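> give the three-dimensional model of this entry:
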Amino acid sequence: MEIKSIQNFNTINSVALISMSIWGYIDTDSVTALIPGFFGIILFGLGALLNIEKFVKISAHLIVLFTLIILGALCFQVLPGVIERGGIGLIRVVIMIASSSIAMILFIKSFIDNRKSS
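Numbering: from 1, shown residues only. Okay, the predicted model is just below:
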């Protein structure tokens, strides 16, 4: 898997985090709903660094780290409360978890493929 594919999946995950976060804020008027959006902004910025050859390695590793952090927070801190409350908030959280999980799997696959090819 090449860098462009990683960048595309990172962008999709970033957009999902940002849009679901804004939707959550509008729906609940809770500032904490914006936390995934801030991670999305960070991931989007790191994705832009993938175009600069000397930053590819560090940027890719930071993308994986931040994706893992937000995925863990969504699964272990946000999801249990949202399951209790139910409603549309559950759908938003599931979308963020799904996009982050898919991105994480693809990033790890890319790292494994790169390790095998070198």
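
> from here on, contacts and neighbour counts on C-alpha atoms
Noted.

> other SSEs contacting the one helix or strand residue 84 maps to?
Using DSSP states H and E, the secondary-structure element containing residue 84 is helix 79-85. Under the contact definition 3 or more C-alpha pairs under 8 Å, 6 or more residues apart in numbering; DSSP states H and E, helix 79-85 sits against helix 88-117.

> the helix it packs on - contacts with which helices or strands?
helix 3-28, helix 56-73, helix 79-85.

> check which element follows the longest one along the chain.
Read that as helix 3-28. Using DSSP H and E, the helix or strand that follows helix 3-28 in sequence is helix 35-48.

> quick one on the thing from earlier: which of the helices and strands packed on helix 88-117 is buried the deepest?
Neighbour counts (mean count of other C-alpha atoms under 10 Å) averaged over each of the helices and strands packed on helix 88-117 peak at helix 3-28, with a mean of 19.

> let me know the angle separating that helix from helix 88-117.
Orientation note: helix 3-28 sits at an angle of 170 degrees relative to helix 88-117 (axes from the mean of the first three to the mean of the last three C-alpha atoms, to 10 degrees).

> and helix 3-28, what does it pack onto?
Applying 3+ C-alpha pairs under 8 Å, 6+ apart, one finds that helix 3-28 contacts helix 35-48, helix 88-117.

> now do the last one, average pLDDT.
Read it as helix 88-117. The average of the pLDDT scores along helix 88-117 is 93.

> tell me how far that helix is from the chain's mean position?
Remark: helix 88-117 is offset 7 Å from the chain centroid, using C-alpha atoms, centre = their mean, to the nearest Å.

> go through it and flag the buried ones.
By 16 or more other C-alpha atoms under 10 Å, the buried positions in helix 88-117 come out as 89-90, 92-97, 99-101, 103-104, 106-107, 110.

> just the residues you listed now: which is nearest residue 36?
When the buried residues of helix 88-117 are compared for distance to residue 36 (C-alpha to C-alpha), residue 96 wins out at 8.4 Å.
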